[in-house]
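**Q** For reference, the sequence and a predicted model appear below.
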Amino acid sequence: MNAPSGIATTASLPAGYYNAALDLLDRNVAEGRGDKVAVIDDAGRYTYGDLTARANRFANALSDLGIRRGERVLLALHDSVDFPTAFLGAIKAGIVPVCVNTLLTPKDFDFMLEDTGATALVVSQAILGQFTPILDRHRPADGGMLQHVVVSGAADEGALTVEALLASAPAQHQPALTVADDICFWLYSSGSTGTPKGAVHIHSSLMRTAELYARPILGITEDDVTFSAAKLFFAYGLGNNLTFPFAVGATAVLMAERPTPAACFRRLTEHRPTIFFGVPTLYGAMLSGPDMPSPDDLALRHCVSAGEALPADLARRWKERFGVDILDGIGSTEMLHIFISNRPGDIAPGTSGRPVPGYEAKLVGEDGQPVARGEMGELFVAGPSACIMYWRKREKSLDTFHGRWTRTGDKYLETEAGHLAYCGRADDMMKVSGQYVSPFEVEGALVSHQSVLEAAVVAHEDADGLIKPRAFIVLREGIAGSEDLARALKDHVKAQIAPYKYPRWFDFVDELPKTATGKIQRFKLRRLDK
Ligand code: 3UK
């Protein structure tokens with residue numbers, strides 16, 4: 001049997017076949033949880049029976065549209081019941097969903113439609129406008145692959161909608177005969193250089209993250225209610241609010257709006273989730289806002305942080321205020337979820353904890369050999385939820401995937417007690433509010449402004465110890481730096497690239513430090529105090 005260990009597949013696939021969607025949906029129905037609430041979104045509640053039928057209908061509808069096994073479907077969806085419907089519906093049919101960050105620009109989406117060769121796009125109504133300028137060039141008439149656009153939410157007359165597709169398709173579906181090693185879905189990662197790379201995941205990976213991390217580390221059961229501030233299109237959010245709850249028949253609270261402190265606190269008090277997943281920047285903002293509820297209004301059993309390092313002081317203040325520890329763990333899009341983590345009863349503040357059993361970690365020096373305890377090395381990780389490659393990026397794949405080992409691009413050291421402490425990225429990338437930001441991309445946006453001659457962007461710590469972009473700017477002859485100009489540059493960057501990437505600080509300088517060959521010495525800029 002090819003299914004991941006310990007998981008009984010009850011839906012109708014012959015021995016040797018495995019389809020992840022059956023494990024996450026139909027199994028819950030077969031085990032008697034058909035009437036249990038699987039999803040609470042902004043509009044309502046959906047049981048496992050409802051969601052299984054919706055995914056079946058969606059799978060049938062995709063096939064009726066002529067979409068075949070192995071083809072890609074781009075999902076640009078806000079968090080609502082339509083996300084698991086489309087994601088798991090596609091997977092049931094052996095069609096490969098590719099989830100993309102909803103905050104990106106038309107230019108980013110243009111690249112992803114081209115790179116995936118998606119034959120359909122499923123897009124939230126509110127995001128459709130970001131696709132409109134670039135859709136035409138992906139149509140078959142222009143040599144593209146995109147045949148169908150399906151809108152989640154209300155749409156113009158004549159447009160296909162998720163609701164209409166579901167209404168006209170049957171609720172029974174014959175799942176595709178996929179195996180555990182078949183390609184299941186992709187997620188885009190921007191590690192190393194900032195160019196998005198499609199991380200290709202296989203069917204068995206989803207369940208592995210639940211078996212190795214969510215069950216043993218979080219002790220998740222069907223009585224839990226999960227709420228993730230990180231959205232489902234991130235690997236982190238996908239595990240937190242889809243794989244983990246559905247793996248055990250628990251309930252997920254989905255929220256479409258931006259994860260502001262107020263919006264998160266509202267979900268925490270209204271639906272009383274038992275496990276909350278955030279990023280350090282959000283925990284910091286939640287602690288400094290005016291609308292903090294009393295601990296009695298919450299039902300939290302665990303809080304989890306990932307995406308960037310959690311400063312020890314933030315974790316301490318959260319525990320003091322709400323009485324719950326935050327478990328910091330490191331995961332990646334390539335590994336799908338958390339592979340090194342703190343855990344209840346074994347928390348080392350300011351570290352990422354120990355390898356999650358089932359994963360192995362090693363720290364490697366510049367000579368390629370393991371470093372001694374206490375010395376810094378680059379983190380490599382091995383485990384059964386790793387992606388199999390970056391889509392049509394051979395060189396990048398060879399550089400990152402070394403047999404069982406995946407190179408993370410992070411520098412770590414191991415403490416005396418065996419905890420792994422984060423020491424920064426090995427490349428120029430930074431993690432801002434848990435999301436990758438490429439200094440090169442921000443610099444490109446800055447120099448496209450008429451007043452800017454040169455720009456260098458580096459990581460800088462704010463008062464909470466969290467990383468944000470800081471820009472050093474050389475202006476053109478005759479132009480003087482000012483607060484007004486800094487504001488104008490901020491707006492300019494936000495209009496060019498995804499808005500979360502804008503610099504929080506601007507330093508106008510006469511020149512940038514450079515090597516003899518003209519390369520910017522970012523390390524010198526990083527050392528400057530603010
Ligand atoms: C950094 C951390 C220090 C690190 C992710 C949980 O973040 C996730 O995936 P991404 O592909 O980024 C991966 C990179 O982010 N990082 C993540 N967590 C931590 N650095 N401490 C941490 N706790 O540079 C890593 O290489 O966006 C997180 C689950 C699934 C994920 N995909």
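**A** Structure received. Every value quoted in this text rests on a predicted model; they were computed, and no experiment measured them.

**Q** Going by C-alpha atoms from here, please, whenever you check contacts or count neighbours.
**A** Will do.

**Q** Just give me the neighbour total for the residue of the stretch 401-530 of the chain found nearest the ligand.
**A** Closest contact between the stretch 401-530 of the chain and the ligand, by CA to the nearest ligand atom, is at residue 408 (4.9 Å). Counted with other CA atoms under 10 Å, the neighbours of residue 408 add up to 21.

**Q** packing partners for the helix or strand harbouring it?
**A** In this structure, residue 408 sits in strand 405-414 according to DSSP states H and E. Helices and strands touching strand 405-414, as assessed by 3 or more CA pairs under 8 Å, 6 or more residues apart in numbering; DSSP states H and E, comprise strand 377-382, helix 394-400, strand 420-425.

**Q** most packed of these?
**A** Ranked by average neighbour count under the criterion mean count of other CA atoms under 10 Å, the helices and strands packed on strand 405-414 are headed by strand 377-382 at a mean of 22.

**Q** what angle sits between that strand and strand 405-414?
**A** Computed by axes from the mean of the first three to the mean of the last three CA atoms, to 10 degrees, the angle separating strand 377-382 from strand 405-414 equals 130 degrees.

**Q** Tell me what angle strand 377-382 forms with strand 420-425.
**A** Using the same axes, to 10 degrees: strand 377-382 against strand 420-425 is 110 degrees.

**Q** and the stretch 301-450 of the chain, which residues reach the ligand?
**A** Applying CA under 6 Å from any ligand atom, we find that the stretch 301-450 of the chain lies next to the ligand at 306-309, 328-333, 336-338, 352, 408-410, 422, 425, 434-435.

**Q** first to last residue in stretch 215-227, what's the distance?
**A** In terms of CA to CA, to the nearest Å, the two terminal residues of stretch 215-227 are separated by 16 Å.

**Q** In that stretch, which of the residues would be classed as buried?
**A** 217-218, 220-222, 224-227 (16 or more other CA atoms under 10 Å).

**Q** Give me the distance from it to the chain's centre.
**A** 20 Å (CA atoms, centre = their mean, to the nearest Å).

**Q** Identify all contacting residues around that stretch.
**A** 214, 240-241, 244-245, 248-254, 267-268, 272-277, 302, 343-344, 356 (CA atoms under 8 Å, 6 or more residues apart in numbering).

**Q** do it and the ligand meet?
**A** No. Applying CA under 6 Å from any ligand atom, one finds stretch 215-227 out of contact with the ligand, separated by at least 13.6 Å.

**Q** okay, and the helix or strand of this structure with the least pLDDT?
**A** Least confident helix or strand, the chain: helix 522-527 with a mean of 85, by mean pLDDT, DSSP states H and E.

**Q** Show me what that one is in contact with.
**A** Residues contacting helix 522-527 (CA under 8 Å, 6+ apart): 456-460, 513.

**Q** and it, which residues are buried?
**A** Buried-residue list, helix 522-527, by 16+ other CA under 10 Å: 522, 525.

**Q** Send me it as CSV with only the CA atoms.
**A** Only the C-alpha atoms of helix 522-527 are listed here, as CSV (Å, rounded to 0.1, in the frame of the first residue of the first chain):
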residue,chain,number,x,y,z
ARG,A,522,25.1,45.6,1.8
PHE,A,523,26.9,44.3,4.8
LYS,A,524,28.3,47.7,5.5
LEU,A,525,24.9,49.3,5.3
ARG,A,526,23.4,46.7,7.6
ARG,A,527,25.8,47.7,10.3
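
**Q** tell me how far it is from the chain's mean position?
**A** 29 Å.

**Q** what separates the residue nearest to the spatial centre of the chain from residue 339, distance-wise?
**A** In the chain, the centroid-proximal residue (CA atoms, centre = their mean) is residue 234; its distance is 1.7 Å. In this view, residue 234 and residue 339 are 16 Å apart by CA to CA.

**Q** do residue 233 as well
**A** Taking CA to CA as the measure, residue 233 falls 19 Å from residue 339.

**Q** Looking at these two, which has the bigger crowd around it?
**A** residue 339 (27 against 22).

**Q** what's near enough to touch the residue nearest to that one when sequence neighbours are not counted?
**A** Spatial nearest neighbour of residue 339, chain neighbours left out: residue 356 (5.2 Å); criterion: CA to CA, 6 or more residues apart in numbering. With contact taken as CA under 8 Å, 6+ apart, residue 356 is in contact with 212-213, 217, 338-341.
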